[in-house]
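Peer 1: here is a sequence together with a model predicted from it:
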Amino acid sequence: MNRQELFEQIQKKSSYLCVGLDTDIEKIPSHLLKEEDPIFAFNKQIIDTTAEYAVAYKPNIAFYEAHGIAGWESLQKTIEYIPEDIFIVADAKRGDIGNTSKMYAKAFFEQMNCDSITVAPYMGEDSVKPFLAFEDKWVILLALTSNAGGKDFQNLELTQGGELYEEVLRKSQEWGTHDQLMYVVGATRAEALINIRQIVPDHFLLVPGVGAQGGSLEEVSKYGMNSTCGLLVNSSRGIIYADDTSNFATVAGEKARELQQQMTDYLNKFL
Ligand SMILES: O=C(O)c1cc(=O)[nH]c(=O)n1[C@@H]1O[C@H](COP(=O)(O)O)[C@@H](O)[C@H]1O
């Protein structure tokens with residue numbers, strides 16, 4: 001999916017919600033455990049009730065890899081079940097020397113048919129470039145993450161001036177355009193969005209950390225939105241585990257709808 005198509009979906013649904021599919025077998029309602037593929041059975045119901053409010057889904061690959069081959073099958077079935085017009089983020093946080101990155105890119109773009117993949121920028125240009133060689137596929141580089149430990153490296157002051165995450169934003173613009181590159185900025189770091197928008201005014205940002213991690217959707221929207229919205233705001237646990245009974249999918253749909261309605265207000269206010 002290209003940038004224009006993504007923006008059209010945002011306008012059509014009046015939403016920039018990304019639903020995180022961090023599906024943990026220990027957290028899904030017990031009645032699903034007797035299904036042949038409990039993880040897919042859970043995801044299928046979540047997708048059924050949230051799809052009309054979401055422009056993206058983000059399966060976190062760790063939750064699938066943890067189950068070996070069966071987990072990869074659950075992931076593949078989930079991706080195939082997601083409606084065609086919804087953007088898919090493979091949250092895999094990959095990145096390695098060039099020939100290895102190329103294989104990661106083939107895995108997630110060709111085999112799994114995802115629209116995008118999260119990539120750690122730490123190994124530099126030749127670790128990121130192979131992901132950028134695929135048409136209409138996106139690299140989502142970790143810039144300023146939501147976790148407390150993000151500060152250990154990302155906020156270090158560089159001798160040439162600026163912080164490390166700023167250099168990630170600046171340098172990576174030499175590798176690809178805003179039609180291929182997005183950045184991860186944690187909702188818990190919303191105060192930095194004003195500065196981030198000075199450096200990357202046009203790029204889309206993937207913003208996790210509302211809901212369970214306490215980030216503010218209003219602040220993210222106020223400081224982060226640009227003329228094509230430029231935001232995909234993710235919530236995982238706050239939606240998919242909002243209820244642990246057989247009613248879980250209905251409640252997830254309600255939570256997604258609440259976020260979508262707030263997003264509609266912010267689109268009217270800040271776009
Ligand atoms: O790349 C990510 O998606 C990510 C980056 C980041 O800085 N913080 C962060 O929480 N995430 C992911 O976003 C999701 C957040 O989940 P919840 O906190 O349950 O909404 C998880 O899949 C995390 O792995």
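Peer 2: Yes, it's here.
Peer 1: quick one: stretch 248-268 near the ligand?
Peer 2: No: applying Cβ under 6 Å from any ligand atom, one finds stretch 248-268 separated from the ligand by no less than 11.1 Å. The way it works is simple: take the backbone N, C-alpha and C, and place the C-beta from them, glycine included.
Peer 1: can you give the distance of that stretch from its chain's centre?
Peer 2: 17 Å (Cα atoms, centre = their mean, to the nearest Å).
Peer 1: what's the helix or strand hosting residue 261 in contact with?
Peer 2: Taking DSSP states H and E as the definition, residue 261 sits inside helix 248-270. Helix 248-270 is contacted from outside by 10, 13-17, 19, 28-29, 42, 45-46, 48-50, 53-54, 210, 217-218, 221-222, 225, 229, 233, 235, 238-243, using Cβ atoms under 8 Å, 6 or more residues apart in numbering.
Peer 1: now with 7 Å, please.
Peer 2: Residues outside helix 248-270 that contact it (Cβ atoms under 7 Å, 6 or more residues apart in numbering) are 14-17, 19, 29, 45-46, 48-50, 53-54, 217-218, 221-222, 225, 229, 235, 238-240, 242-243.
Peer 1: the ligand contacts on the stretch 101-250 of the chain?
Peer 2: Applying Cβ under 6 Å from any ligand atom, we find that the stretch 101-250 of the chain lies next to the ligand at 118, 145-147, 184, 186, 208-209, 211-213, 234-238.
Peer 1: of the contacts of helix 248-270, just the buried ones, PyMOL syntax please.
Peer 2: The buried residues among these can be selected in PyMOL (16 or more other Cβ atoms under 10 Å) with this line:
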select buried, resi 14+15+16+17+19+29+45+46+49+50+53+54+217+221+225+229+235+238+239+240+242
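Peer 1: residue 164 versus the closest residue to the ligand within the stretch 1-150 of the chain, what's the distance?
Peer 2: Proximity of the stretch 1-150 of the chain to the ligand (Cβ to the nearest ligand atom) peaks at residue 145, 3.1 Å away. To residue 164, residue 145 is 12 Å away according to Cβ to Cβ, to the nearest Å.
Peer 1: burial of residue 34, as a residue count?
Peer 2: Applying other Cβ atoms under 10 Å, we find 8 residues neighbouring residue 34.
Peer 1: cool, residue 59 as well?
Peer 2: Residue 59: 27 neighbours (other Cβ under 10 Å).
Peer 1: what packs against the strand or helix carrying it?
Peer 2: Per DSSP H and E, residue 59 falls inside strand 56-59. Counting contacts by 3 or more Cβ pairs under 7 Å, 6 or more residues apart in numbering; DSSP states H and E, strand 56-59 is packed against strand 17-21, strand 87-94.
Peer 1: okay, those strands in a markdown table with mean pLDDT and distance to residue 131 next?
Peer 2: Output for the helices and strands packed on strand 56-59, formatted as a markdown table (pLDDT from 0 to 100; distance: least, Cβ to Cβ, whole Å):
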| stretch | mean pLDDT | distance to residue 131 |
| --- | --- | --- |
| strand 17-21 | 98 | 19 |
| strand 87-94 | 98 | 8 |
